[in-house]
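K.L.:
pasted the sequence and its predicted model underneath.
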Amino acid sequence: MDDQNKNLILATALSFLVILVWFVLFPPPEQTTTQEPTEISTSEVDAVQTPSAAGTTAVGEATAAADEVQPEAQAPRVQIDTPRLSGSLSLSGGRIDELFLKDYKVSLAPDAPIVELLSPVGAESAYYALYGWAPGSGLAGTDVPGPNTMWSLEQGEILGVDTPVTLVWNNGNGLTFRRTISVDEDYMFSVTQSVENATGAEVGLAPYGILARHGIGEDGDLPGLKNFFILHEGVIGMADGTLAEIDYGDVRDFDIDPNEGAQAEVFQVKEDGWIGFTDHYWMTTLIPEPGSAFKAAAKYDARRKIYQTETVLPTLTVEPGQSAEVTTRLFAGAKEWEAIREYQAQGVQKFIDSIDWGWFFFLTKPIFWLLHNINVLIGNMGWSIIGLTLIIKAILFPLAYKSYVSMAKMKELQPQMEALKEAAGDDRQKMQQGMMELYKKEKVNPAAGCLPILMQIPIFFSLYKVIFVTIELRQAPWFGPFRDLSAPDPTSIMNFFGLLPWAGPEPGTLMATIFLGILPLLLGISMWLQQKLNPAPTDPTQAMIFAWMPWVFMFMLGSFASGLVVYWIANNTITFIQQYMIMRSQGYKPDVFGNIKSSFKKTPKTDDK
């Protein structure tokens, strides 16, 4: 076996091994759907743990009351209506607890409901935001509004982009609390809490915000989670430039914090930060004003089975006849790159890192940025992926050029290499020395052909992450039957590649693996044609490996996101053209049709008689 074939086999084997391990360890996720909206139940729900510490400064022995959050089917509600959001907030506790994302549907079905992000207490998977004040000096728990306090609507009727609403509550003992809520054109709420002190005495109290999630499945996880290794779902936060990602399972493993009364992890933030919950495509985040110190916490109440994140600001001292107010923000919506980047520009520290870019973020971020901007120009994510492939191949062209020139020179040296083998006979050391001298004399690097293949591996993984994680690829259509590039190819031999009016096999099943769609078939053919730029190896073992390689990859990648398969097909096609043209320019004319014909010829049997 000559060095050229050794290196080519090695590069191919390495690529195959890496992708095979990736496929085994990180199989494509099952297709899941978001739950449809549920009606509010009137069944009793256990208490949500309210903050047990009043903030980043101590308030003595005072603690916040742990009022029970009750489902209030008859409580008055204030409608939320913006171009991108709909829902309502309850005057019971002033909770923002019903929110739908108008731009996103649960599935591609024509009658599919829009995605529900927040749901009220009493629903199967309650998920809501509530705000309040932790009592400090001079106050008892009943003197501050709790999770079930019935607020009154003082100003506004519908919460919209230009129409904030104000809620008011008087404790009957000289304190008047107000809460003004506004929302922008995307997904950011602003919540201004104020208190007026007419008690005749100084009072201390600390404003807080809470995000709570109910509804734990039998396996201990929230319904609808993907539970996929490369995707973070759970608590996410930023504390003074440090990103924290805590899976739900890790939250359940927290030790009991005696100060919090639940399993908890507490973060003291000095200047900038935020904390909340992130799902695959959606996120809710509590964001205090930049430059303000606060205590952030992630909690799990095992008895009530409630996850909770919270922010507690420093205690405010309000003199008699004075008032105080504080404004915080709440992000509740889709993790859209443009929207999140704009909020980061407005002062939310490193908010773009709330998107799960993964370990290869140094590749994933620029790849997505490039893909996004190409899509802005083209308006079709499928063609944008092909455009991205062209740009990546153009960037790597100098490396590819050197590689293919080296391969062409290796072809030219083939007669001299054969002569060296014959002269060396069985003396392998003499043959190797002769080969090295020949390579040095002709300035040929036999390993150069491996580099383009190896360079594709991190790019492939980074693009896989981009297609899987970013919401811009969710339900992104290409043409015809390809209506979701983040999902596997929907066509199949069973429905004649989408021409017949029935669906193909369910993705992830054995039938889907066997009865492949059109994209995996094109992938296999493109790899097979790329091989035909060179004659088949004379060694039978090598020839067999090369013959099977395209079809093995075809079945391996057939269940991956169709956008990734589109990239691979485009990459193979461009590589074929590049290699053919470069080898022609170096005086070697690949006999593609001759190599194809020879691959269909039967190997003659040898006669041992």
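P.N.:
Received the coordinates, thanks.
K.L.:
would you mind giving the domain segments of the protein?
P.N.:
According to automatic domain parsing, the chain comprises the domains 77-356, 365-600.
K.L.:
may I have the distance across the longest one, first residue to last?
P.N.:
The first residue of domain 77-356 is 35 Å away from its last residue (Cα to Cα, to the nearest Å).
K.L.:
could you do stretch 247-264 as well?
P.N.:
End residues of stretch 247-264 are separated by 13 Å (Cα to Cα).
K.L.:
which intervals of the stretch 201-350 of the chain have sub-threshold pLDDT?
P.N.:
215-224, 260-261 (pLDDT under 70).
K.L.:
change it to 80
P.N.:
215-230, 257-262 (pLDDT under 80).
K.L.:
over to the stretch 451-600 of the chain?
P.N.:
For the stretch 451-600 of the chain, the stretches with pLDDT under 80 are 451-456, 493-515, 533-547, 583, 585-600.
K.L.:
ranges for the helices of it?
P.N.:
For the stretch 451-600 of the chain, applying DSSP state H, counting those that start in this stretch gives helices covering 451-469, 510-514, 518-531, 540-557, 562-585, 592-600.
K.L.:
okay, those helices in a markdown table with mean neighbour count and distance to residue 386 next?
P.N.:
C-betas here are computed from N, CA, C, even on glycine. Formatted as a markdown table, the helices of the stretch 451-600 of the chain follow (neighbours: other Cβ atoms under 10 Å; distance: least, Cβ to Cβ, whole Å):
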| stretch | mean neighbour count | distance to residue 386 |
| --- | --- | --- |
| helix 451-469 | 20 | 12 |
| helix 510-514 | 14 | 24 |
| helix 518-531 | 21 | 13 |
| helix 540-557 | 16 | 17 |
| helix 562-585 | 20 | 5 |
| helix 592-600 | 12 | 23 |
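K.L.:
as CSV, those helices with distance to residue 169 would be great.
P.N.:
As requested, the helices of the stretch 451-600 of the chain are exported to CSV (distance: least, Cβ to Cβ, whole Å):
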stretch, distance to residue 169
helix 451-469, 42
helix 510-514, 56
helix 518-531, 59
helix 540-557, 59
helix 562-585, 51
helix 592-600, 79
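K.L.:
quick one: closest of those helices to residue 157.
P.N.:
Within these, the stretch nearest residue 157 is helix 451-469; the backing value is 39.0 Å (Cβ to Cβ).
K.L.:
name the helices or strands packed onto that closest one?
P.N.:
The contact analysis (3 or more Cβ pairs under 8 Å, 6 or more residues apart in numbering; DSSP states H and E) places helix 451-469 against helix 3-25, helix 361-378, helix 397-412, helix 562-585.
K.L.:
and the angle for that helix with helix 397-412?
P.N.:
Using axes from the mean of the first three to the mean of the last three Cα atoms, to 10 degrees, the inter-axis angle of helix 451-469 relative to helix 397-412 is 140 degrees.
K.L.:
and helix 451-469, how far out from the chain's middle?
P.N.:
15 Å (Cα atoms, centre = their mean, to the nearest Å).
K.L.:
what does stretch 131-138 give?
P.N.:
Distance of stretch 131-138 from its chain centroid, counting by Cα atoms, centre = their mean, is 38 Å.
K.L.:
buried residues in it?
P.N.:
By neighbour count on 16 or more other Cβ atoms under 10 Å, the buried set for stretch 131-138 is 131-136, 138.
K.L.:
which single one of the residues you listed is nearest to residue 380?
P.N.:
Using Cβ to Cβ, the buried residues of stretch 131-138 come closest to residue 380 at residue 131, 42.5 Å.
K.L.:
pretty sure that closest one contacts residue 209?
P.N.:
Yes. The pair residue 131 / residue 209 is scored as a contact, 5.1 Å apart, by Cβ atoms under 8 Å.
K.L.:
which neighbours do these two have in common?
P.N.:
In terms of Cβ atoms under 8 Å, 6 or more residues apart in numbering, residue 131 and residue 209 are both contacted by the residues 191, 328.
K.L.:
and the residue most central in space within the chain, how far is that from residue 570?
P.N.:
Centroid-nearest residue in the chain: residue 469, 2.5 Å away (criterion: Cα atoms, centre = their mean). Taking Cβ to Cβ, to the nearest Å as the measure, residue 469 falls 21 Å from residue 570.
K.L.:
go on, residue 86?
P.N.:
From residue 86 over to residue 570 the distance is 39 Å, taken as Cβ to Cβ.
K.L.:
check residue 117 too.
P.N.:
Distance of residue 117 to residue 570, given as Cβ to Cβ: 35 Å.
K.L.:
quick one: classify residue 159 as helix, strand or coil.
P.N.:
Following DSSP: H, G, I helix; E, B strand; the rest coil, residue 159 is assigned to strand.
K.L.:
how about residue 164, what does it touch?
P.N.:
155-156, 180-183.
K.L.:
returning to what we had before: closest to residue 101 out of the helices of the stretch 451-600 of the chain?
P.N.:
Smallest distance to residue 101 across these (Cβ to Cβ): 17.7 Å, for helix 451-469.
K.L.:
ok, now how distant is residue 501 from residue 109?
P.N.:
Distance of residue 501 to residue 109, computed by Cβ to Cβ: 15 Å.
K.L.:
which of those two has more residues huddled nearby?
P.N.:
The residue with more neighbours, out of residue 501 and residue 109, is residue 109; 9 against 6, by other Cβ atoms under 10 Å.
K.L.:
quick one on the thing from earlier: and the contacts of residue 164, which of them are in strands?
P.N.:
155, 180-183 (DSSP state E).
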